[in-house]
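Trainee: Here is a sequence with its predicted model. Questions after.
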Amino acid sequence: MKIGIIVNEDTANRCTGKGCLDAFYKKKDSFERYEDVEVIELMAFTHSGGDINKKIEKMKANGVEVVHLSSCMRGSSEEYENLANILSENFKVVGYTHGSKDGKKNNTINLDKKDY
């Protein structure tokens, strides 16, 4: 399973990514869904700024199947829902990485428009 993680651009300026990476490598929180998957690969760890279409094309070229929007995207980004919808045209989208799946501010978006 090939995974991408997209974090909030503003948060990326002050965050090390530890919460997202810890959850990924320990298969906890949003990554619990992969506990029976022998190999999961982190193919992209990027922020939401810049040319999202170019990032989508690179993730597709690298075989990314699922994109997790970071918990900081859910809690801090006005573009959270819009970005989830754009990404869902090419990937399964899981709307958080670590912490509560319910969120404090926004409900978690999970989209799977892609036909696997």
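Mentor: Sure, I can see it.
Trainee: do you know how far residue 63 is from residue 43?
Mentor: 7 Å (CB to CB, to the nearest Å). Just so you know, the C-beta spots here come from the backbone N, C-alpha and C atoms, and that holds for glycine as well.
Trainee: ditto for residue 8
Mentor: 20 Å.
Trainee: can you check residue 91 too?
Mentor: Relative to residue 43, residue 91 is positioned 11 Å away (CB to CB).
Trainee: Give me the common contacts of the two.
Mentor: 4, 59, 64 (CB atoms under 8 Å, 6 or more residues apart in numbering).
Trainee: which one of those residues is nearest residue 15?
Mentor: Checking those against residue 15 with CB to CB, the nearest one is residue 4 at 17.0 Å.
Trainee: Quick check, pLDDT for the closest one.
Mentor: Confidence at residue 4, expressed as pLDDT, is 98.
Trainee: got it, and residue 49?
Mentor: 92.
Trainee: Could you confirm it falls within a strand?
Mentor: No: according to DSSP: H, G, I helix; E, B strand; the rest coil, the state of residue 49 is coil, so it is not within a strand.
Trainee: How about the contacts made by it?
Mentor: Taking CB under 8 Å, 6+ apart, we find residue 49 in contact with residue 9.
Trainee: rewinding a little: could you list which of the shared contacts of residue 91 and residue 43 belong to strands?
Mentor: By the criterion of DSSP state E, membership of these in strands covers residue 4.
Trainee: higher neighbour count, residue 8 and residue 43?
Mentor: residue 8 (23 against 19; other CB atoms under 10 Å).
Trainee: Once you drop chain neighbours, what's closest to the more buried one?
Mentor: residue 72 (4.4 Å; CB to CB, 6 or more residues apart in numbering).
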